[in-house]
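> Build me a model:
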Amino acid sequence: MSIGVKQLQQLRDKLTQLEQQLQQHDASLSDNNKKWLNHKSRFHEQLFEQQGATLSGCMQVLKRDLKQIEQLLQINASGDALALACQRFSDRFEALVHAMANTDTATRGLQQAAGRRRYSGQDNQYQWIAKSVMNSSHQLYAELRKHQNWESQLQQKITVMEQQLDIYQGTDKIEQQQLILKTHARLGKCRQAMSYIEQRIAWLEKNRD
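Numbers count the residues shown, from 1 in each chain. The predicted structure follows:
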């Protein structure tokens, strides 16, 4: 990959502009947005270790990326090393722009999910398990094995997707990152169901004694 003084200055200018936009974004956040996005990850873990509604903190990571690009140029580093650094900068830059543009969408999604949980409650969330197998520990063990298989399949799927992430570029990479996050969410729900089944097994066996 070839990058010169002009291109480097363009990256600096874009980063300065993005920093201003992020400051405006964080300053305009409603209390509602802050509440619903508190402790929520907005990015794939390979991009940023950031949680919550505010995004300005991610700028330090991008600035370090740009600093690394500048240092590689100064020592005339190999094309592969420079290309990797530039791609990492681009991935994080695009993810940050995407997150900033979708703050309201992310908030609405969390609100709707919370509303569904409040409506159903945890017991009702797994009511189908209780109705079908609640009186038989044998059936519960079978259901637990089924969920364990699903857990393994989801873990394998996440591993493969993360290993293939580097082949994607631009919008396709962002979409793949979102798919990974959704699969992580499915894995979390699967584990919640497993926990419920294990609790039910323990309850049945305790009351059988």
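
> What is the lengthiest helix in the chain packed up against?
Longest helix in the chain, counting residues (DSSP state H): helix 170-208. Under the contact definition 3 or more Cβ pairs under 8 Å, 6 or more residues apart in numbering; DSSP states H and E, helix 170-208 sits against helix 79-101, helix 127-133, helix 137-163. Using the backbone N, CA and C atoms, a C-beta is placed for each residue, glycine as well.

> so how far is it from its chain's centroid?
The chain centre lies 15 Å from the centre of helix 170-208; the measure is Cα atoms, centre = their mean, to the nearest Å.

> hmm, back to that, pick the most deeply packed of the helices and strands packed on helix 170-208.
Highest mean neighbour count of these: helix 79-101, a mean of 17 (counted as mean count of other Cβ atoms under 10 Å).

> Also compute the angle for that helix relative to helix 170-208, please.
70 degrees (axes from the mean of the first three to the mean of the last three Cα atoms, to 10 degrees).

> would you put the C-alpha positions of helix 79-101 in CSV?
Output of helix 79-101 as CSV, limited to C-alpha atoms (Å, rounded to 0.1, in the frame of the first residue of the first chain):
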residue,chain,number,x,y,z
GLY,A,79,4.3,-2.6,2.7
ASP,A,80,2.5,-5.4,4.5
ALA,A,81,3.0,-3.8,7.9
LEU,A,82,1.9,-0.4,6.7
ALA,A,83,-1.1,-1.9,4.9
LEU,A,84,-2.2,-3.8,8.1
ALA,A,85,-1.9,-0.6,10.2
CYS,A,86,-3.9,1.4,7.7
GLN,A,87,-6.6,-1.3,7.5
ARG,A,88,-6.9,-1.4,11.3
PHE,A,89,-7.2,2.4,11.3
SER,A,90,-9.9,2.3,8.6
ASP,A,91,-11.9,-0.5,10.3
ARG,A,92,-12.0,1.4,13.6
PHE,A,93,-12.8,4.7,11.9
GLU,A,94,-15.7,3.2,10.0
ALA,A,95,-17.1,1.4,13.0
LEU,A,96,-17.0,4.6,15.1
VAL,A,97,-18.8,6.5,12.4
HIS,A,98,-21.4,3.7,12.2
ALA,A,99,-21.9,3.6,16.0
MET,A,100,-22.3,7.4,16.1
ALA,A,101,-25.0,7.3,13.4
